[in-house]
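> Sequence first, predicted coordinates after that:
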Amino acid sequence: MARITVEDCLQKIGDGERFNLIHLAVQRIKQHRQGEPYLVDGKNKEVVMSLREIASGKVTPDNIDSLPGEEGRGPVRQEQKQEAEVDL
């Protein structure tokens with residue numbers, strides 16, 4: 001995939017939603033740090049991979065809390081999310 005841009009991501013979540021884009025990317029990065037697998041192929045750092053997921057439409061504000069994890073794992077639990085927020 002070519003270079004990822006903010007505009008690519010904003011096309012998926014809506015223009016004028018830059019704050020929500022940042023919030024969504026941070027939330028997805030926290031999920032990756034808890035072991036959630038990437039939903040797109042690539043070998044970039046987690047920030048870029050998260051933006052690629054958003055630009056591909058696989059991660060949206062509507063599905064961020066219900067994304068499937070690895071086999072046998074469910075969505076990220078609320079407790080884990082709160083722990084990650086404390087760590088950052």
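Thanks, I have the structure now. All values reported here derive from a predicted model rather than from experimental measurement.

> quick one, what contacts L51?
Neighbouring residues of L51 by Cβ atoms under 8 Å, 6 or more residues apart in numbering: I4, V6, D8, C9, A25. Backbone N, C-alpha and C define where each C-beta goes, glycine included.

> quick one: least confident of the residues you listed?
Minimum pLDDT for the contacts of L51 is recorded at I4 (88).

> for the residue lying closest to that residue once chain neighbours are set aside, phi and psi?
Of all residues beyond its chain neighbours, the one nearest I4 is L51 (5.0 Å), with distances taken as Cβ to Cβ, 6 or more residues apart in numbering. With angles defined as degrees, to the nearest 10, L51 sits at phi -70, psi -40.

> so where do the helices sit in this structure?
Remark: helices assigned in the chain by DSSP state H are 6-13, 18-33, 46-55, 78-87.

> Of the ones you listed, flag the one that's most buried.
Of all the helices of the chain, helix 46-55 carries the top mean neighbour count, a mean of 21, counting by mean count of other Cβ atoms under 10 Å.

> CA-only coordinates of that one in PDB, if you can.
Written as PDB, here are the backbone C-alpha positions of helix 46-55 (Å, rounded to 0.1, in the frame of the first residue of the first chain):
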ATOM      1  CA  GLU A  46       1.600   0.600  15.100                       C
ATOM      2  CA  VAL A  47       0.500   4.200  14.500                       C
ATOM      3  CA  VAL A  48       0.700   3.800  10.700                       C
ATOM      4  CA  MET A  49      -0.900   0.300  10.900                       C
ATOM      5  CA  SER A  50      -3.800   1.700  12.900                       C
ATOM      6  CA  LEU A  51      -4.300   4.500  10.400                       C
ATOM      7  CA  ARG A  52      -4.200   2.000   7.500                       C
ATOM      8  CA  GLU A  53      -6.900   0.000   9.300                       C
ATOM      9  CA  ILE A  54      -9.000   3.200   9.500                       C
ATOM     10  CA  ALA A  55      -8.400   4.200   5.900                       C
END
